[in-house]
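K.L.:
Need a 3D model of the following:
(2 chains)
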Amino acid sequence: KAGVTQTPRYLIKTRGQQVTLSCSPISGHRSVSWYQQTPGQGLQFLFEYFSETQRNKGNFPGRFSGRQFSNSRSEMNVSTLELGDSALYLCASSSGGQNTEAFFGQGTRLTVV
Amino acid sequence: AQSVTQLGSHVSVSEGALVLLRCNYSSSVPPYLFWYVQYPNQGLQLLLKYTSAATLVKGINGFEAEFKKSETSFHLTKPSAHMRDAAEYFCAVSGRGGSYIPTFGRGTSLIVHP
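P.N.:
Take a look at the predicted model:
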């Protein structure tokens, strides 16, 4: 069974640009969550999509957005990049229940210069 | 509301010594609790989870954790550390009946000395 796949693994962008990250969940999983991981803030929840609908949202500005497609693949977009957006972005997929395990991808390392 | 506090951003042990990583939680409803491990340049991998079936939970790689409601704790232990256990460990909590999106602790870096 293939795991969670995130692409690309590494990105370097310039301030003001926008970026799109992709996540392919485990087959059969309908829930995809996104997290931002930084040394200073740890793991911060961005949002969760379930069956193409945003079901939960963290406390991030509107520059951060996402979507989910009918095949459960998800994309995350960050517009008007700031230096502080440099982070490891992790995607996690699960079946969507309360105590179900979240399976994480290897992450996309975004560097904003 | 739910939160997790991991005591100690770094824990250093010798190979073969006991590993103890501390986690205290706060939750307004009975919690689900998780421990994840993250190796360098990797995502997070589930070590174990507590769902109320048993207070002592055994996980992968020889790790276990005990749920203590009176102490609101879920500490992770391993009797004998191996070099390969060196990694970042995260405790997480989610609440029954409410938001099940897990809230993660800040992480504890486990350093294992030969």
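
K.L.:
Spell out which residues of chain A are next to chain B.
P.N.:
Within chain A, the positions near chain B by Cβ under 8 Å from any Cβ of the partner chain are A:4, A:6, A:33, A:35, A:42-43, A:45, A:48, A:56, A:90, A:92, A:97-99, A:101-107. Bear in mind the C-beta positions are built from the backbone N, C-alpha and C, glycine included.

K.L.:
hang on, isn't residue A:44 packed against residue A:60?
P.N.:
Yes - using Cβ atoms under 8 Å, residue A:44 makes contact with residue A:60 at a distance of 7.5 Å.

K.L.:
Quick check: neighbours shared by those two?
P.N.:
Listed contacts common to residue A:44 and residue A:60 are residue A:36; contacts here mean Cβ atoms under 8 Å, 6 or more residues apart in numbering or on different chains.

K.L.:
so residue B:26 is in which element?
P.N.:
Applying DSSP states H and E as the criterion places residue B:26 in strand B:19-27.

K.L.:
Spatially central residue in chain A, please.
P.N.:
Note on chain A: the residue nearest the mean C-alpha position is residue A:34, at 3.2 Å, using Cα atoms, centre = their mean.

K.L.:
Which residue, other than its chain neighbours, is closest to it?
P.N.:
Among residues not flanking residue A:34 along the chain, residue A:46 sits closest, at 4.1 Å (Cβ to Cβ, 6 or more residues apart in numbering or on different chains).

K.L.:
And that neighbour, how close does it get to chain B?
P.N.:
Noted for residue A:46: a distance of 10 Å to chain B, by Cβ to the nearest Cβ, to the nearest Å.

K.L.:
Show the pLDDT at residue B:97.
P.N.:
On pLDDT, residue B:97 comes in at 57.

K.L.:
on that earlier part again, filter the residues of chain A next to chain B down to the buried ones and hand me the ChimeraX line.
P.N.:
The following ChimeraX line selects those of the residues of chain A next to chain B that are buried, judged by 16 or more other Cβ atoms under 10 Å in any protein chain shown:
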select /A:4,6,33,35,42,43,45,48,90,92,99,102,103,104,105,106,107
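
K.L.:
Enumerate every residue touching whichever residue of chain A sits closest to chain B.
P.N.:
The nearest approach of chain A to chain B comes at residue A:104, 3.3 Å away (Cβ to the nearest Cβ). Residues in contact with residue A:104 (Cβ under 8 Å, 6+ apart) are A:4, A:90, A:91, A:92, B:36, B:43, B:44, B:45.
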